[in-house]
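1. I'll drop the sequence and a predicted model, then ask my questions.
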Amino acid sequence: MITTCELCGREIKGTPYSITIDRVKVIVCKKCASRYRDAQPLSKTTRRQSIHIPKPQRRSIPKDLKFTVVEDYAQIIKEAREMMGLTREVLAKMVGEKESVIKKIEEGRLIPPIELARKLERVLKVNLVVEEDLELETYTYETPRHSYELTLGDIVEIKKPKK
């Protein structure tokens, strides 16, 4: 397994070092470690100490975090309502909302909450809610010869410790 410096992103050749930045331990190369007094070489038997964070109580993710309303919801709702021969007033009563809310939704000025979008789906027999893609993104940049992953050193400016 290739170990890379968590500050500069270079491959660590030789002994990796451990330093603490704002109470967080990071593994760095010899060059980055030379800038810090608390840098300690890691031996093969040394393991990273993890910070114990108590697990939160088991809760399900709220539904509106997993799902989103489609982009062209306004047009879909208006066309479906007209195809069924419903007025805004009748549709509003069927889903338990005010007519002004339905008007704003059809005009695209109001994105319906997931709960309301589900009610509109049932009444109008259309699809308005889709599942979000919750994949984590890996940020990389490429040169003609290499591909690099984004590192902590690329994002933050680390000030040298005062002596």
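-> Cool, got the structure.

2. quick one, domains of the chain?
-> 1-45+135-163, 63-131 (automatic domain parsing).

3. looking at those domains, which is buried most?
-> domain 63-131 (a mean of 16; mean count of other Cβ atoms under 10 Å). Just so you know, the C-beta spots here come from the backbone N, C-alpha and C atoms, and that holds for glycine as well.

4. So which helix or strand of the chain has the lowest pLDDT on average?
-> Across the helices and strands of the chain, the lowest-confidence element by mean pLDDT, DSSP states H and E is helix 63-66, at a mean of 56.

5. Tell me which helix or strand comes right after that helix.
-> As assigned by DSSP states H and E, the chain's next helix or strand after helix 63-66 is strand 67-69.

6. Direction included, what does that next one pair up with?
-> strand 129-131 (antiparallel) (DSSP bridges).

7. From the rest of the structure, what touches the partner strand?
-> By Cβ atoms under 8 Å, 6 or more residues apart in numbering, the residues outside strand 129-131 that reach it are K66, F67, T68, V69, V70, I114, A117, R118, E121.

8. And the last one, which helix or strand is it part of?
-> E121 is part of helix 114-124 when elements are defined by DSSP H and E.

9. Could you name the helices and strands sitting against that helix?
-> Applying 3 or more Cβ pairs under 8 Å, 6 or more residues apart in numbering; DSSP states H and E, we find helix 114-124 packed against helix 63-66, strand 67-69, helix 73-83, helix 88-95, strand 129-131.

10. Try it again at 10 Å.
-> helix 63-66, strand 67-69, helix 73-83, helix 88-95, helix 99-106, strand 129-131 (3 or more Cβ pairs under 10 Å, 6 or more residues apart in numbering; DSSP states H and E).

11. Serialize these to a markdown table and add fields for distance to I12.
-> Shown next, in a markdown table, are the helices and strands packed on helix 114-124 (distance: least, Cβ to Cβ, whole Å):
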| stretch | distance to I12 |
| --- | --- |
| helix 63-66 | 37 |
| strand 67-69 | 41 |
| helix 73-83 | 50 |
| helix 88-95 | 59 |
| helix 99-106 | 55 |
| strand 129-131 | 40 |
